[in-house]
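Undergrad: Fold the stuff below for me.
(one chain, ligands or ions: 2)
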Amino acid sequence: MLVSDWLPVYEAILDDFGFDRAGDERVRDRLAALTDPFDLDRLAGFEGASVAIAGGGPSLDRDLADVRRADVVVAASNAAAVCRDAGLDVDLMVTDLDKVPAAAVSLTREGTPVAVAAHGDNRPEIEEWVPRMRTENVLPTTQAEPVGSVVNFGGFTDGDRAAFLADHLGARTLTFAGWDLDDPSVDAMKRRKLVWAERLLRWLELRRDERFALLDGRREGIDTSALPVEK
Ligand SMILES: Nc1ncnc2c1ncn2[C@@H]1O[C@H](COP(=O)(O)OP(=O)(O)OP(=O)(O)O)[C@@H](O)[C@H]1O
Ligand SMILES: Nc1nc2c(c(=O)[nH]1)N=C(CO)CN2
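TA: Ligands and ions are numbered 1, 2, ... in the order given. Got it, this is the predicted structure:
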């Protein structure tokens, strides 16, 4: 995903949530100061692979067999802890550090890359946890324009950002485990974030010319008006 393709969608997200772009940029700059550029060649194993994107929904426990079958496992936030507790290795964790930050630190120290996102509402988490990580295993990301070590391959929530990253790295197929887009247990803010996650995955599947089973039966109901897709 080119940043120029992403930024108009990012602006629609900022509008919808009332997030402040300058706030995102300030925390991005702080993350840039705390990190070094990550060598993406270390993730060459994504090229041509079947990639499972493990999400933080309650169905993850039931979906672990799908995760186990994939060539490569990307875990969004809390899914990293669930996978590890089930004895499943994670190849990459994607997180904004608002859940299980200690697990993210441990992964970096054990040699597993962690894609850490900076945004306007996670400066305290960035300040507290990133300095404890092994820097060479931190892939710093932003949803705003990239700067220095901090990259942007598209995506908003941890889970859809994981999918955009896997796409950038050349994944052959993406499968989604532990994704409950209609989860009644989430609060109103999380529900809105999941609405955006669904839209962004719809955009991604169209770009990839793939059909994500997760979206079967849902496509008609997805509002794509903020996305650069053919109507
Ligand atoms: N029912 C669900 N509840 C939470 N996350 C879900 C759900 N279904 C899918 N996901 C995806 O899994 C990702 C990880 O979820 P988790 O609740 O562990 O993280 P989070 O730190 O709250 O995520 P975020 O900061 O992106 O909102 C989410 O970012 C989302 O993309
Ligand atoms: N500014 C801002 N950006 C975000 C936020 C958030 O709360 N604030 N939450 C996200 C996923 O949870 C992703 N991006």
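
Undergrad: use CA for all of it now, contacts and neighbours both
TA: Fine.

Undergrad: Show me what the one helix or strand residue 116 maps to packs onto, helices and strands only.
TA: Here residue 116 sits within strand 114-118, counting by DSSP states H and E. Applying 3 or more CA pairs under 8 Å, 6 or more residues apart in numbering; DSSP states H and E, one finds that strand 114-118 contacts helix 21-34, strand 92-95, helix 101-110, strand 138-142.

Undergrad: just the angle between the third one and strand 138-142, please?
TA: Right, helix 101-110. With axes from the mean of the first three to the mean of the last three CA atoms, to 10 degrees defining the directions, helix 101-110 sits at 130 degrees from strand 138-142.

Undergrad: is helix 101-110 up against ligand 2 anywhere?
TA: No. Residues of helix 101-110 contacting ligand 2 under CA under 6 Å from any ligand atom: none, with a closest distance of 13.8 Å.

Undergrad: show me where the protein has strands.
TA: Using DSSP state E, the strands of the chain run over 50-54, 72-76, 92-95, 114-118, 138-142, 173-177.

Undergrad: how about residue 166, what does it touch?
TA: 46, 51, 174 (CA atoms under 8 Å, 6 or more residues apart in numbering).

Undergrad: what is the last one paired to in the beta sheet?
TA: Read it as residue 174. Under DSSP bridges, the beta-bridge partners of residue 174 are residue 51.

Undergrad: show me the contacts for it.
TA: With CA under 8 Å, 6+ apart, residue 174 has these contacts: 50, 51, 52, 53, 163, 166, 212.

Undergrad: coming back round to it: how far is the strand holding residue 116 from where the chain is centred?
TA: Counting by CA atoms, centre = their mean, to the nearest Å, strand 114-118 is centred 8 Å from the centre of its parent chain.

Undergrad: Name the residues that touch it?
TA: Counting by CA under 8 Å, 6+ apart, 24, 27-28, 31, 92-97, 104, 107-108, 126, 137-143 sit against strand 114-118.

Undergrad: If we use 7 Å, what do you get?
TA: With CA atoms under 7 Å, 6 or more residues apart in numbering as the test, strand 114-118 has contacts from 24, 27-28, 31, 92-96, 104, 108, 137-142.

Undergrad: check whether it contacts ligand 1.
TA: No. Strand 114-118 does not reach ligand 1 (CA under 6 Å from any ligand atom); its nearest approach is 9.3 Å.

Undergrad: tell me the mean pLDDT for that strand?
TA: Average pLDDT, strand 114-118: 99.

Undergrad: just the angle between that strand and strand 138-142, please?
TA: Using the same axes, to 10 degrees, strand 114-118 lies at 30 degrees relative to strand 138-142.

Undergrad: partners of strand 114-118 in the sheet?
TA: Here, using DSSP bridges, strand 114-118 pairs with strand 92-95 (parallel), strand 138-142 (parallel).

Undergrad: among the ones you listed, which is the most enclosed?
TA: Ranked by mean neighbour count, the strands paired with strand 114-118 are led by strand 92-95 with a mean of 28 (mean count of other CA atoms under 10 Å).

Undergrad: then that strand to PDB, C-alphas only?
TA: Listed in PDB are the C-alpha atoms of strand 92-95, where the atom choice follows Å, rounded to 0.1, in the frame of the first residue of the first chain:
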ATOM      1  CA  LEU A  92       5.000 -11.200  14.300                       C
ATOM      2  CA  MET A  93       3.000  -9.300  16.900                       C
ATOM      3  CA  VAL A  94       1.100  -6.100  15.900                       C
ATOM      4  CA  THR A  95       0.100  -3.800  18.700                       C
END
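
Undergrad: Quick one: mean pLDDT over that strand.
TA: The model assigns strand 92-95 a mean pLDDT of 98.

Undergrad: Good, we can wrap up now.
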